[in-house]
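>>> my questions concern the predicted model and sequence given below.
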Amino acid sequence: MRLLFTQLNRIFFCSNMKKTILFFAMMIAGLIHAQSTIELKGNVVDEYKKPVESATVFLSVLKDSTLIDYTITNSKGDFNLKLKKQARPVFFKVSMLGYTDYVKQFDDLNANFDLSEIQIKSVMTNLDELVIVADIPPIRIKKDTVEFNAASFKVRPDANVEELLKQLPGVEIDADKKITVNGKEVNQILVNGKPFFDEDGKIALQNLPAELINKIQISDTKTKKEEFTKKASSSNNASINLTIDEDKNKGFFGKVMGGYGSDKRYEGSLLANYFKGKQKISVLASSNNINASGFSMDEVFDNMGGGRGRSGSFGSSGSGGSGITQSNMVGLNYSDEFIKDLSTTGSYFYNSSDSENKNRSTRINLLPSGEFTTFSNGATNQNSESHNGNFSVEYKIDSTATLFVSPKLSKTFRTSKSISDQYDVDDRGSRLNESNSEAYNSSNSLNFSNQIRYSKNLKTKGQYFTVALSNQNTTNDGQNRNESATRFFNEPDQDDFRKQYSKTRSNSDNYSLELEYSQPIVDSLALEFNLGYDWTNNVQEERVFDFDDASQSYVQPNVDLTNYYTTQIKVLRPITAIRISKSKFNLSLAPGLAITQYDVNAVYKETDIDFSKKYILPAMSAYLNYRFTKSLSVWGSYQYSAQMVDARSVLDYEDVSNPLNTVIGNPDLNPNKSHSTFLSFRNYDFASRSGYSFYLGGSYFDNQVVTYSIYDENRKRTTTYRELSGAYSYMLGGNWNKSYTIDEHKIRYGIDMRYTFSNSRGFTDGTLYEAQATSISPRVYLSWDYGDLISIMPSYSYSSNTTDYKNYAVSSATNFTHRLNLQATTYWPENWVFGNDFGYTYNSNIASGFKRDFYLWNTSLSYAFFDKKFMAKVKVYDLLNQNISSTRTIDPTAIVDSENTVLKRYVMFSLTYKLDQFGGKQMKNERPNRGVRDGAPRMRVRSM
């Protein structure tokens with residue numbers, strides 16, 4: 001922990017950091033105090049004088065219902081709404097689902113006002129039906145769902161869903177498009193409750209117009225079983241559901257873009273959507289040679305990665321990625337409800353890619369007696385072609401029973417060619433060995449999986465029965481041709497020369513059956529009985545042939561490299577769980593057993609080798625979700641797991657397929673056994689538009705299988721496996737964010753922090769080592785939208801990694817990286833958009849010959865015309881032509897510096913055409929900033 005505080009001191013109290021924080025603070029303070037504000041406060045209670053928590057309090061313009069500002073009540077029913085003085089007539093409203101609205105009109109608001117106690121009455125239950133016609137509040141907080149009214153959040157007329165989400169309080173979207181809601185990661189995005197191509201939602205985020213969206217509903221992610229049985233979510237992730245306006249859920253919209261530039265760079269994409277009620281058909285296609293493997297139509301930067309960089313290994317000093325890829329994609333998505341209670345959705349993707357990369361690396365191999373260094377260079381060319389299809393059917397048999405079927409099929413063909421050379425030197429610079437190789441590989445794989453789940457809710461609430469059957473079947477056929485030469489300078493008689501051809505085939509079949517019955521004991525307590533059975537059978541075969549000079553063909557069988565083995569694993573999993581469900585918390589404890597039969601059979605050098613063991617292992621999982629208030633919650637989990645060791649690791653034979661590393665299995669190995677736990681604490685105050693979260697997690701190994709290597713004087717390895725205990729790791733972190741809205745202007749800022757520690761244990765050159773790795777990664781960020789004219793987003797991040805070694809000649813290794821980014825976009829003059837994405841990266845410690853720092857500046861200028869149906873754009877990637885991809889990776893046994901081919905500067909011109917037509921009308925490029933839409937539906941409340 002002392003190291004943690006030392007690192008924090010270096011980060012936050014260096015002079016440059018002080019200046020950065022001071023600059024941000026001055027900007028924030030200036031914006032906050034530039035306007036004179038007033039406040040409205042009060043206390044909301046029901047007819048029994050009990051406080052009403054999470055009621056929406058908002059102020060709107062009387063003339064057209066334009067939203068001015070909003071807040072929600074706290075657990076005591078109090079609210080404090082701060083806003084600019086109002087010289088126009090406005091109305092004040094308190095709204096809560098299940099209660100009548102409170103409305104008060106003001107001719108103007110020029111001073112603070114205390115509304116004291118406000119009473120709202122619950123809906124009368126002696127009426128069969130009560131119809132309430134009311135303005136829709138900007139936010140509603142239900143039991144486990146936060147619902148935002150999209151029209152209450154102003155975005156530009158041509159904005160997409162991503163821009164809309166960025167306006168929501170507590171929602172953050174980083175440079176890699178990862179979405180978090182007050183620190184909780186979003187792993188599912190649905191449109192009207194259905195996936196839009198895939199559940200990660202990235203296509204929907206960047207391509208659906210914000211104008212389509214009616215509501216954004218954020219809740220905890222549920223599994224299909226939890227959805228069907230109406231159980232509380234056990235997940236620590238969030239799900240976003242986008243609902244579409246009924247009047248806009250019928251029509252056609254899409255866009256097509258094409259661009260061409262310098263160095264023969266090109267980019268093209270197409271998206272076409274047809275919506276008609278519950279029927280949705282979407283087609284997309286893309287082709288480019290600028291490393292955009294997915295589908296993106298970012299309005300400003302298109303597929304340029306940007307100065308923000310991309311996620312990668314620790315110590316990255318570049319924009320990320322390896323090589324240059326030309327890719328093509330065509331996709332189709334379809335969903336419909338053919339008959340009542342039978343909904344279907346499916347998608348198909350075709351992908352092809354052609355990638356080229358050159359790599360060089362320097363690897364310092366750490367040993368107890370010293371170190372040696374490996375220098376390597378390589379060039380690869382890879383081609384792939386794949387077809388992926390999935391389909392799901394959900395049939396509600398009746399009000400209590402549901403059947404779900406979801407098959408998936410994929411077929412992939414890959415080819416690759418690689419050329420490489422490497423050599424090892426000792427600490428005096430003398431060469432130990434050298435090798436070079438040339439390889440050609442091809443593979444053809446087919447994968448089929450399916451899930452069938454039947455769920456039946458029984459008479460008593462919480463009583464249900466489910467049965468699930470799943471399978472996954474994979475076949476892979478490969479052909480490989482390899483030529484290699486390995487020379488040893490200390491013992492030339494060990495030199496190894498190979499010219500070989502091999503054929504491989506692998507089959508994997510997995511079937512799982514799960515039965516579960518839930519029996520409530522009392523209203524909040526239930527027992528769940530689960531019985532699962534898994535059957536896995538894997539077959540792998542490799543036949544190797546040496547080249548025959550006489551016949552000039554590969555006809556000589558190589559018995560040393562030819563092998564065949566099968567693995568069969570049978571697991572019976574009885575589990576009895578205790579589940580407690582209260583209004584404020586959910587608790588689940590699920591102890592059980594994993595009764596496992598593990599059988600491996602191999603044929604090597606025409607000799608049978610068998611391995612067979614039976615294990616009775618404990619299994620345990622638990623989670624707790626406690627909500628102190630509707631915004632303040634804690635989530636925790638614990639899991640004990642036992643994982644079978646890879647079949648090759650337990651087979652007692654020598655694998656000599658690598659000339660520099662001979663591997664011998666160990667049949668005495670036991671499964672890996674570990675404990676893991678996680679705890680998170682989250683709170684978001686909608687009244688102050690600020691939130692924070694903290695998390696803590698860790699793992700500990702009771703038993704861990706590790707490699708045990710011995711090096712000879714040529715630095716050729718002989719590797720086997722041993723067992724160790726005592727390895728552990730933990731992490732802690734948190735984030736805080738806050739946003740302000742003043743008139744048409746918005747500012748948001750925050751800070752993230754992550755600290756990790758790991759204690760790794762293993763063997764190298766026959767000696768037990770320990771490596772204690774510490775990393776710390778803070779980030780500060782800010783975004784400022786000055787109305788619709790300009791958007792500025794600066795950010796700074798720091799990453800540090802220090803590893804301390806025991807029983808090594810090297811005692812420690814360290815590295816840190818600075819990343820500074822500024823993204824600025826202007827939307828003035830009208831129809832013009834000018835975007836700049838500038839980043840600077842510095843890597844403190846990297847080997848000689850690798851560049852430590854670089855600038856990456858991407859820029860674009862676009863003009864919309866013909867009623868914004870067309871957009872012409874010119875963009876420049878890597879304006880300064882400095883992009884690099886250098887990385888340093890520090891692990892328990894080595895320090896690796898590497899560099900790959902990256903995309904360099906290019907200029908591109910493009911033209912985009914948009915079509916938006918709903919209900920037979922062109923969709924207007926306007927988005928009202930109102931709390932209620934014209935023709936808002938009536939809200940009906942029925943008595944129970």
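The structure has been received and is ready for your questions.

>>> quick one, what contacts residue 140?
Residues near residue 140 by Cβ atoms under 8 Å, 6 or more residues apart in numbering: 56, 95, 97, 146, 147. Just so you know, the C-beta spots here come from the backbone N, C-alpha and C atoms, and that holds for glycine as well.

>>> the last one is in contact with residue 217, isn't it?
It refers to residue 147. Yes - Residue 147 lies in contact with residue 217 (Cβ atoms under 8 Å); the separation is 5.0 Å.

>>> on that earlier part again, where's the dip in pLDDT among the contacts of residue 140?
When those are compared by pLDDT, residue 97 scores lowest at 84.

>>> please name the bridge partners of residue 252.
residue 274, residue 917 (DSSP bridges).

>>> pull stretch 228-246 out as PDB, backbone CA atoms only.
What follows is stretch 228-246 as a C-alpha-only set of coordinates in PDB (Å, rounded to 0.1, in the frame of the first residue of the first chain):
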ATOM      1  CA  PHE A 228     -39.100 -16.000 -17.700                       C
ATOM      2  CA  THR A 229     -39.300 -16.800 -14.000                       C
ATOM      3  CA  LYS A 230     -39.500 -13.100 -13.000                       C
ATOM      4  CA  LYS A 231     -36.500 -13.500 -10.600                       C
ATOM      5  CA  ALA A 232     -34.500 -10.500  -9.500                       C
ATOM      6  CA  SER A 233     -31.300 -10.000 -11.600                       C
ATOM      7  CA  SER A 234     -28.100 -11.600 -10.200                       C
ATOM      8  CA  SER A 235     -25.900  -9.500 -12.600                       C
ATOM      9  CA  ASN A 236     -23.600  -6.600 -11.900                       C
ATOM     10  CA  ASN A 237     -24.200  -5.300 -15.400                       C
ATOM     11  CA  ALA A 238     -26.700  -3.000 -16.800                       C
ATOM     12  CA  SER A 239     -29.100  -3.300 -19.800                       C
ATOM     13  CA  ILE A 240     -30.500  -0.500 -22.000                       C
ATOM     14  CA  ASN A 241     -33.800  -0.800 -23.800                       C
ATOM     15  CA  LEU A 242     -34.700   1.800 -26.400                       C
ATOM     16  CA  THR A 243     -38.400   2.200 -27.200                       C
ATOM     17  CA  ILE A 244     -39.400   3.700 -30.500                       C
ATOM     18  CA  ASP A 245     -42.300   6.200 -30.900                       C
ATOM     19  CA  GLU A 246     -45.400   4.500 -32.100                       C
END
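
>>> how distant is that stretch from the center of its chain?
For stretch 228-246, the distance from its own C-alpha centre to the chain's C-alpha centre is 17 Å (Cα atoms, centre = their mean, to the nearest Å).

>>> what's the answer for stretch 195-213, then?
16 Å.

>>> now it: average pLDDT?
Stretch 195-213 comes out at a mean pLDDT of 79.

>>> same check on stretch 823-831?
On average, stretch 823-831 scores 93.

>>> where are the low-confidence patches of the chain?
Residue ranges of the chain with pLDDT under 70: 1-36, 124-135, 199, 293-299, 302-321, 918-944.
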